[in-house]
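Colleague: Have a look; sequence and predicted model below, questions after that.
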Amino acid sequence: MSTLPTGPLATARQPMPAVGAGIGAPAHGRRSRCAAKRATTWTPYLFVSPFFILFASFGLFPLLFSIFLSFQQWDPATGLAAMRYAGFGNYGFVLTDPWFWKSVGNTIWMALAAGVPQHVVAIGLAAFINTSLKKLQRPVLGMYFLPYITSSVAIALIFGTLFSRNFGVINAVISCLSNLPGLSLILPAQPIDWLGSYGAIKPAISFVLFWRYLGWNIVLYLAALQTIPAELYEAARLDGASAWKQFRHVSLPLLKPMMYFAVSMTVIGNLQIFEEPFILVGPAGGPAQAALTASMYMYRTAFNFYDFGAAAAMSWIMFVLICLAMLICRRLLGGENAGGRA
């Protein structure tokens, strides 16, 4: 039986360690840990980068370019090299343009005519649905909300048919009602040219806006009413408050935060109305530009008159006007206090 050699001979036969084995392994481990740390650091940014890329491309760049463009005189058909610095000339032109102020006046008229009844009716209907239609809330709410999610183009085409002078359903109903005793003194005998007469075109478009966005506001107010504690109504009933007093002194004050939000959304949206009047009456705005909104005139200035600098200036002037409208809304509805309660 052989035995292992000992002594100097055994030491000489021991295998030598690989060169750098004790030094290279720790260095390789440190490099791996650093690479993993860098990957961990950049991975979250990699996942959120598509949002920032899309936002920068389709949000931030157009915003900054419109500011730059508002100080330029440019016809896009001539290319970017044809841009000429105009200073505040575009803003001066827009502020002295009577067509622009006429379009702003039309926009404000339709915004108020559609927005004020919208919220008055929406609050009343939301209160009625909340108290009297407990089991039918969802289907009724769905029917009211349906116009909001319907295409604005489809809505405009349908109402274009309803408002037809000779074959429209609305004129047919008015004609039938005018045959009833007493109503003939109020209703017109001749068909109304809703989309072709100066006096009827703005009320017609305002009704379309009112009908379309009523359901959205009902949903908002109903959601707010359902957050009011039932104990408050119970306490009011114990104090002898009628249903009207409960609505006036309990519901309305607690609806103020939602009223501020809903009215703000209506103001912002109605001051930018474009699709409905554009499809119903065309880009010219109907007879004597009676339905020409600020957004429609901005579109015409850019794509019909090829003055993109003035159109960009209009957009920023409208931005300032919307901000002023929001300040008025905040003052009237007490937005600061309402936001604190919310």
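Modeller: Ah, there it is.

Colleague: what's the burial count for residue 168?
Modeller: The local packing of residue 168 (other C-beta atoms under 10 Å) involves 20 other residues. Placement of C-beta: from N, CA and C, glycine included.

Colleague: Just the pLDDT at it, thanks.
Modeller: On pLDDT, residue 168 comes in at 87.

Colleague: what's the answer for residue 9, then?
Modeller: 45.

Colleague: Check residue 195 too.
Modeller: 89.

Colleague: So it, which state does it fall into?
Modeller: coil (DSSP: H, G, I helix; E, B strand; the rest coil).

Colleague: Does it touch residue 201 like I think?
Modeller: Yes: counting by C-beta atoms under 8 Å, residue 195 does reach residue 201; the two are 5.8 Å apart.

Colleague: Looking at these two, which is more packed in?
Modeller: Remark: of residue 195 and residue 201, residue 201 carries more neighbours, 25 against 22, as counted by other C-beta under 10 Å.

Colleague: Distance of the residue nearest the centre of the chain relative to residue 159?
Modeller: Nearest residue to the geometric centre of the chain (C-alpha atoms, centre = their mean): residue 269, 5.9 Å. Distance of residue 269 to residue 159, computed by C-beta to C-beta, to the nearest Å: 18 Å.

Colleague: Please apply the same query to residue 174.
Modeller: 15 Å.

Colleague: Which residue of those two possesses the greater neighbour count?
Modeller: residue 159 (23 against 17).

Colleague: That one reaches residue 280, doesn't it?
Modeller: Yes: between residue 159 and residue 280 there is a contact at 6.8 Å, judged by C-beta under 8 Å.

Colleague: so what's in contact with the two at the same time?
Modeller: Common neighbours of residue 159 and residue 280, using C-beta atoms under 8 Å, 6 or more residues apart in numbering, are 204, 208.

Colleague: now the helices for the stretch 51-200 of the chain?
Modeller: Under the criterion DSSP state H, counting those that start in this stretch, helices of the stretch 51-200 of the chain are mapped to 61-69, 89-95, 98-132, 137-149, 152-162, 169-177, 198-225.

Colleague: Which of the ones you listed sits closest to residue 332?
Modeller: helix 98-132 (12.1 Å; C-beta to C-beta).

Colleague: What is the closest one packed up against?
Modeller: In this structure, helix 98-132 packs against helix 137-149, helix 198-225, helix 252-270, helix 294-303, helix 308-333, with contacts taken as 3 or more C-beta pairs under 8 Å, 6 or more residues apart in numbering; DSSP states H and E.

Colleague: now those helices in a markdown table, with mean pLDDT and distance to residue 66?
Modeller: Conversion of these to a markdown table gives the following (pLDDT from 0 to 100; distance: least, C-beta to C-beta, whole Å):
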| stretch | mean pLDDT | distance to residue 66 |
| --- | --- | --- |
| helix 137-149 | 87 | 28 |
| helix 198-225 | 93 | 26 |
| helix 252-270 | 92 | 18 |
| helix 294-303 | 93 | 11 |
| helix 308-333 | 92 | 5 |
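
Colleague: I'd like the ones you listed laid out as a markdown table, including distance to residue 128.
Modeller: Listed next are the helices and strands packed on helix 98-132 as a markdown table, based on distance: least, C-beta to C-beta, whole Å:
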| stretch | distance to residue 128 |
| --- | --- |
| helix 137-149 | 10 |
| helix 198-225 | 10 |
| helix 252-270 | 14 |
| helix 294-303 | 34 |
| helix 308-333 | 23 |
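
Colleague: closest to residue 179 out of these?
Modeller: helix 198-225 (21.2 Å).

Colleague: what's the angle from that closest one to helix 98-132?
Modeller: 40 degrees (axes from the mean of the first three to the mean of the last three C-alpha atoms, to 10 degrees).

Colleague: circling back to that earlier point, need the residues touching each of residue 195 and residue 201.
Modeller: 281, 286.

Colleague: Determine which of the helices of the stretch 51-200 of the chain approaches residue 80 most closely.
Modeller: helix 61-69 (10.6 Å).

Colleague: Would you mind pulling up the elements that that closest one packs against?
Modeller: Under the contact definition 3+ C-beta pairs under 8 Å, 6+ apart, helix 61-69 sits against helix 308-333.
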